[in-house]
Structure formats: structure tokens, C-alpha cells
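> Below are the sequence and a predicted model for it; my questions follow.
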Amino acid sequence: MTDLAPPGGRRLDYPVSPHARRGGLQAAQRRIGMLMLLPAATAFVLIILYPFAQALGLSMFEDTLQTIEPIFVGLDNFREVLSNPDTWQSFLLTAIYVGTATAGTLVLGLGWALILNQPFRGRGAIRALTLLPWVVPSTVSAFIWAWIFNSRFGVINGMLLELGLIDVPQAWLSTPEGAMVAVVLTRIWRSIPLFMAFFLAGLQNVDGEQLDAARVDGANNFAILRDHILPHLRPVLIVVVVLGVIGGLQDFDTIYALTGGGPVRATAVLSIEVYRKAFEQWDIGMASAIGVLWVVTLLPPAYFYLRLLVKGR
Amino acid sequence: MTKITKLMATALAAGIFTVGAAQAADLSWMGYSYAEDSAKPSVDRIIDGFTTKTGLTVEPIGTAFGDMQKTMFLRARSKTLPDVAQISERWLPMFSTLPGLVDYNEVFGKDYLAQTYAPEALAMGQFNGKQYALPLMSGSIGMVANQAVLTQAGITELPKTVEEFKADLIKVRDTVPNSVPYAMATKNNSDILVDFLMWVYNFGGHVIEPSGKVVVDSDASRQALTFLVDLMNERLIAPEIGRPDARRLVGQSAAAFYLDAPQSRAFLRSFSGQDKAFDVNVKPMQVPVVHEGDEAVSIQWAHLIISFAQSNPPTEKDPNMQFVKYLGDDAVQTQFPVEQSALPGTISARANPVVADDAYLTAWAQNNAHPQVNEVGTWNNGGELTEILAEEVQAALLGQKTPDEAITSMSQRMAASMTKAGFAQ
């Protein structure tokens, strides 16, 4: 009888092929898993991890047009950035932008999903059309809204003048509040399709009989929404809020194309501040420091989202 | 080999071939004119003429004006700088630290350059005693009026003082519906900078001295900004207008005045849709001054050519040096600048009848006889200074700050920036 004990290992009670690799099936699966992970991991390292590590390094250097070779300054850039009131204003503006845009999208996206969940003629076509703002490139969306809000040729001014509600065209994008409202509205308009799709998918899993029973018991629409639909959509709500917050924190192109961060600094969120430091003031060290802080603000929602994905709740 | 493998191999080979072909050019020329539809054909003619004359090939790289600094900055970091680049005169100090920048005095000799180029145009290419750039075309930023709008408003004479200017703006506002009488740049930092500088200069003030000392906190600056805020309050200027918007408004006869380089004529031909028929409406004029008889000031403006050494030390035989020399040739200087409605940089081209007999260019030169250097954009930290100035001007124009508060804040912030850049205040 053949000796089934592997060299130095415990004795096995079943035959093992001489071609079998050490570690068995689980190890082989792990190896295949690692192999399949390799392309994504490589892309992650090259496109995200390496540039981030580089930015992290640069954030500790004085690196401007005036410095031929970057000069190591330790945490000085962070000290300067954090002692600058403009940075804190950018944090505040980012919070306002992300908070209002996410809340607005949540309410309107849910409302629109509830409407599109009702049976009516042409529902499929409207569902498809609703995706348009999501399909249109973000810069194009920004230019469309810039035209809508334009102080001379804008649609809003045109309508208000026509209705006699204003005597002279208003410069909506030239007030801090107007500019912020414009960028938030643009963000909401662009994000509604994504939120709506999530909610619609969730709504289609709601038990219709349960809702019918609630109606029979005398529940009105608001009660049904509050007591049956929203609890059912809770996991979806959490995911879309986290995704909305992450997307809002990352947003740059819409704001830059619409207001450039102005007027003055009224819409200079963190992403705009990084761009201005890097490509208008040519201060790569300082831009990297703000960028690192920006990533830090992204980490909690990203962690929360990943935790949800991994744990499934 | 599978079809997919074959396809990938073909694509790879094609890619390598394309890269090889791109690198096969004798020199690369990066510029913003090549990115402008109106100027691209002229650039192509320059390249064709050079290739015909020398047998050398040029790879043109078009980059939008607004992206030019960023692109050069990034290319310097990735060590892919072009052999020759077109820059605005105010960027020269910023680019003077780039590695391999050629001092043309060392290649062509000071005497040759002095004999070839107009002195004030040549001077714009000098920094720290080196001739880092040569003029492709030059001129100044000055004021332009739209004759059609003036006629419609019943204005028969161009205004000479700020008082007359404001009176004319009111006439335009009241007679030309939905117009912006003076299309001042009120958005985009670099546009606001030029417009504000112009008024500070013409109110007798300065922003930064040549030593680096910030001097914007002055009565003249306050008066200039107060004047502009007054124009905004009276709806004689409007928010949300950048230089391109101003050109469109003037080209469509919806604005009477604006500031621009002499290229204005070329832009207005395009934006009016009337081509050369619109030339009769394009009137170069002096920027209005505070008191009649004061010297009207304009701002220096030029397109310059810088180069990066192809050999060490660079010589006249290098392809890029041959190209730079060709750009000073009459064949180029009597063609490209004139097509762009700007003055050539060379002495002989300026004497050429094509240029000398151009009434517009002559009028431009007469009305803008005293150009001053851009006191903000020329510093290495010009980007930060420009942002500070534009933010404070915008804050005053939009009523977020009084002119006094804005000038005080501007001065303090600029002084801090200059101190950080190593200039004692």
C-alpha cells in the first residue's frame, strides 16, 4: 500500500494525486482569486494608490514654480492650510453643497421613483428619458444650467421678464446664494436619475398586498409611505445617501464649469480649492495638502459604504 | 493567432508607428494660436513656409490660451517641454525658471537682435538681463469703441475723460435696449486683472513697484475702484462678463466700449458675422483719463516665442533656432501679425506698406502710445496675486465689500503673498 502521508505531514486516509498541489482546493481557489484580482489591483495601485502616495509625499514639500527642486517642509503646508480661514470656508461650503444637494436629490429622487412606480401609459418611455441627465456629460449639464441662469440671455430671466415679475435681468450667478443654489440644483438634476433608479428597484420589491391591506385598514398615502415604504427602503436609502455624499465630495467639473468657484469664493469647495492652488497659483505642495485633507473627508462615508457592502446591511 | 490577438498586435504596431511619426518631426511648436480657428490656417502657412525653405518639419501642438501655463507647467514636470513655445508677455518671468530655456543673445547675438526687432517689442522678451523671448507680434491692450453703437446713442465724439466716458455710457444705456454700455470684464481672474489695472493706471496709481513692494493701497486705487463700483450700480457695466463675452457683445453691437489687444479687429470681424465689413465700426481710442490732458496709459501686450535647447550649447543650426529665426522673417512678420490685427515685432515688417498703410494698426499705435507693464502678472506668484486682486475687485463690484475695504484687504493679502515670495514690504 502506498504511503499517503505527505512529507512531514499527517497521514491521509484517502489517495492524493501526485500532481495535486500543496494546500488543497481552498489554496487553489485562493490562488485563482488572487490571479483574478490582479488586474483590478494593478489598476488600483497605478491609478489611485501611487498618485495618492505621491500627493501625500508632495504635501510635505514646498513645490512651486519658484522652487526648482521641491524643498521638504514636513507638516508646514498642513499648518498653513489649516490656519487659513479660506480652507475652513471651503470645508463649510463643501458641507453646504454636499448636504443640500444630497438631501434635495433624496427627496426629489424618491418622489420621482414613487411616481414612476405607478402604472400609467408611457411609463417606460419616461423612465428612459429620466436617465438623460445622468447620461449627459457633467460639463455639458453645467453649461446648460449656466445658460439657464445667464444674466443676459438666461431662460429664467426671460420668463420672469415676460411675466413682468422683474424689470431688469437679474445676475443669479453673481450673488453667493444664487451661485450656490445654481450649483446645487445642477447637482440635484444630474443625480436624480441614479437615486431614482435605486429607489425604483427597491420599490418593486415592496409587497403590494401589504400596501393594499394597509389601505383597507384606512391608511392614507402619507401613512403608507411613512410606515411601509420607507422602512422597506431603509437599506437603499442608506446606500444612496452614502453614495450621494461621496459623489458630492468628489464633484469638481460641474462647479468649475458653472461658477469657477465664484463669485469671489462663494462656491470654492475643496475640489475647486485644490485646482486653484495647483493650476492657478502653481503651488503643488499646498494643493496636495488640501487634497490629502479632502481625501480624509471622503474616508468616513467611503468606509461606511464599504462596510455596508461587505456586511450586506 | 486569434483574430483578437491579431487586432491587438496591429493596433500596437499602429500605435508605435504613430508615436514614431510624431517624434520624427525636427521640432515641436506649442502655441495657443494653433488652437484658435481664426489663426490656425495662418500658423499652418508659417509651418509650410518654413518646411519649404529649410526642409525641416514642425510638429504643431495647439493648446488653448487659458490652458497654456498649466500645460507648460505639467510638461516641464514630465520633461516633455516643446522645442518652441508661444507665450503671453506676462508669463515670461514665470517661465524663466524652466530648465533649458534659451537665451537668444547667446545664439543670435545682441547686435543682430537689436537690428532686427523693434526696441520696445524686444524689451518685452527680456528678463534678468537675458533675452529669453522674441516677439512674434506686439502691441498693447487698449480701449475699443463700437461706432455703430455710438451713432445709435447720438455720441459724435469719443470720450477723453472719465466724466465724459460715464456720460456717454449713460446715453448708451438709455438709448440702446438691453445693452451693456461698457463690457468690462467682471468674471475670470485674468480678465478682471487687466481691466482693473488699466483704470488704476489711468487714475494715476500703481499696484506693485518693480522692487516687489505692494503699493495698491492708495487714493488713486480707491478712486478707480469707486468709479467702477459706481458704473456697476448705474448698470453701465454688468456682472458675469469675461473677455470672450465682451467681444461677442461688442461684435453684436450690444456694447459700446471694451478693453482688448489689437487683435480686437479680428475677433470682432468673427463675432459680428460681417467679416471685414464690420471694420468701420471698430474704433481704437485712448483710455479715458481723470483730467483732460493727462497721459492715457495702456498695458503692454505681446505674443512671444521662447525655446528650449536642442543642443548644448544651443546654436543657430539647431532646427528650433532656425524656426525661431524664420519667425522673424518678413515672410512671417508681414503675414501672421497683420492677419491677427497686431503689430509685427520686427523693424522691417513695421516699415512694410502692408503694415504701415493699415489705418487700424496706425490708429491703435497712436492711441496707445504709453503702454505700461502688467505689474501683477509678471511675478512668479502672479497666479496668487491675480486671484487676490480679482476676488477683491469682484467683492466690491458685487457689493460684498466697500471699495475702501476691498483695497485695504487687497493690499494686505498681496503684501503677504509678496513677503512669502521673498520681497520685503
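Perfect, I can see it now. The model shown is predicted, which means the values in this text are computed figures rather than measured ones. Numbering: from 1, shown residues only, chains lettered A, B, ... in the order given.
> what's the longest helix anywhere in chain A packed up against?
The single longest helix within chain A, with elements called by DSSP state H, is helix A:85-116. Helix A:85-116 sits against helix A:123-130, helix A:176-203, helix A:230-250, helix A:270-279, helix A:284-311, with contacts defined as 3 or more Cβ pairs under 8 Å, 6 or more residues apart in numbering or on different chains; DSSP states H and E. For every residue, glycine as well, the C-beta is placed using N, CA and C.
> The fourth one to helix A:85-116, inter-axis angle?
Here helix A:270-279 runs at an angle of 140 degrees relative to helix A:85-116 (axes from the mean of the first three to the mean of the last three Cα atoms, to 10 degrees).
> can you list contacts of helix A:270-279?
A:86-87, A:90-91, A:94, A:249-252, A:255-256, A:260-261, A:268, A:283-284, A:286-287, A:290-291, A:293-294, A:297, B:69-70, B:73, B:387 (Cβ atoms under 8 Å, 6 or more residues apart in numbering or on different chains).
> That one vs helix A:284-311, what angle?
Using the same axes, to 10 degrees: helix A:270-279 against helix A:284-311 is 150 degrees.
> quick one: average confidence on helix A:270-279?
Helix A:270-279 carries an average pLDDT of 92.
> Now do it against helix A:230-250, angle only.
10 degrees.
> Off-centre distance for helix A:270-279?
18 Å (Cα atoms, centre = their mean, to the nearest Å).
> Restricting to C-alpha, output it in CSV.
What follows is helix A:270-279, C-alpha atoms only, in CSV (Å, rounded to 0.1, in the frame of the first residue of the first chain):
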residue,chain,number,x,y,z
LEU,A,270,-12.4,71.6,-1.6
SER,A,271,-12.1,70.3,-5.1
ILE,A,272,-12.0,73.8,-6.6
GLU,A,273,-9.6,74.9,-3.9
VAL,A,274,-7.2,72.1,-4.9
TYR,A,275,-7.4,73.1,-8.6
ARG,A,276,-6.9,76.7,-7.9
LYS,A,277,-3.8,76.1,-5.7
ALA,A,278,-2.3,73.7,-8.3
PHE,A,279,-3.2,75.2,-11.6
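> hmm, back to that, any of the contacts of helix A:270-279 buried? List them.
Listed as buried from these are A:87, A:90-91, A:94, A:249, A:251, A:255-256, A:260-261, A:268, A:283-284, A:286-287, A:290-291, A:293-294, A:297, B:69-70, B:73, B:387; burial here means 16 or more other Cβ atoms under 10 Å in any protein chain shown.
> Mind pulling up the pLDDT for the residue of the stretch 101-250 of chain B found nearest chain A?
Of all residues in the stretch 101-250 of chain B, residue B:239 sits closest to chain A, at 3.8 Å by Cβ to the nearest Cβ. Note for residue B:239: predicted pLDDT of 91.
> Pull the number of nearby residues for it.
By the measure other Cβ atoms under 10 Å in any protein chain shown, the count of residues near residue B:239 is 21.
> quick one: the helices in the stretch 1-150 of chain A?
Per DSSP state H, counting those that start in this stretch, the stretch 1-150 of chain A carries helices over the ranges A:24-44, A:50-58, A:76-83, A:85-116, A:123-130, A:132-135, A:138-149.
> And the residue most central in space within chain A, how close does it get to residue A:191?
Nearest to the mean C-alpha position of chain A, by Cα atoms, centre = their mean, lies residue A:247 at 1.4 Å. Per Cβ to Cβ, to the nearest Å, residue A:247 is found 7 Å from residue A:191.
> Are we agreed that residue B:143 is in a helix?
No - counting by DSSP: H, G, I helix; E, B strand; the rest coil, residue B:143 falls outside a helix, being strand.
> Surely residue B:256 forms part of a strand?
Yes - when three-state DSSP is applied, residue B:256 is found to be in a strand.
> who's in contact with it?
So residue B:256 contacts B:145-146, B:149-150, B:153, B:155, B:168-169, B:172, B:176, B:179, B:181-182, B:250 (Cβ under 8 Å, 6+ apart).
> Next, work out how far apart it and chain A are.
15 Å (Cβ to the nearest Cβ, to the nearest Å).
> Repeat that for residue B:27.
Residue B:27 is 25 Å from chain A, where distance means Cβ to the nearest Cβ.
> from memory that residue sits against residue B:59, does it?
Yes - if you go by Cβ atoms under 8 Å, residue B:27 and residue B:59 touch, sitting 7.2 Å apart.
> With mean pLDDT added, can I get the helices of the stretch 1-150 of chain A in CSV?
Output for the helices of the stretch 1-150 of chain A, formatted as CSV (pLDDT from 0 to 100):
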stretch, mean pLDDT
helix A:24-44, 87
helix A:50-58, 91
helix A:76-83, 93
helix A:85-116, 95
helix A:123-130, 91
helix A:132-135, 91
helix A:138-149, 91
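> Near chain A, which residues of chain B are found?
B:69-70, B:73, B:94, B:97, B:99, B:178, B:180, B:186-189, B:235, B:238-240, B:380-381, B:383-384, B:386-387, B:391, B:394-395, B:398, B:400, B:421 (Cβ under 8 Å from any Cβ of the partner chain).
> Out of those, which sit inside helices?
B:69, B:70, B:73, B:94, B:189, B:383, B:384, B:386, B:387, B:391, B:394, B:395.
> would you turn the residues you listed into TSV with pLDDT?
Shown next, in TSV, are these (pLDDT from 0 to 100):
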residue	pLDDT
B:69	85
B:70	83
B:73	82
B:94	82
B:189	90
B:383	85
B:384	89
B:386	93
B:387	92
B:391	95
B:394	95
B:395	95
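> Beyond the lowest-mean-pLDDT helix or strand in chain B, next helix or strand please.
Using mean pLDDT, DSSP states H and E, helix B:3-23 stands out as the lowest-scoring helix or strand of chain B, at a mean of 48. With elements assigned by DSSP states H and E, the helix or strand that comes after helix B:3-23 is strand B:27-31.
> residue contacts, the residue in the stretch 1-150 of chain B positioned nearest to chain A?
Ranked by Cβ to the nearest Cβ, the top residue of the stretch 1-150 of chain B for proximity to chain A is residue B:70, at 4.7 Å. Shown in contact with residue B:70 (Cβ under 8 Å, 6+ apart): residue A:279.
> just residue B:95 next, same as before
Counted by Cβ under 8 Å, 6+ apart, residue B:95 has contacts B:72, B:87, B:101, B:132, B:306.
> Same question for residue B:336.
Counting by Cβ under 8 Å, 6+ apart, residue B:336 has contacts B:33, B:39, B:42, B:43, B:45, B:46, B:136, B:137.
> Am I right that the third one is in contact with residue B:341?
So the one you mean is residue B:42. No - using Cβ under 8 Å, residue B:42 is not in contact with residue B:341; the gap is 11.6 Å.
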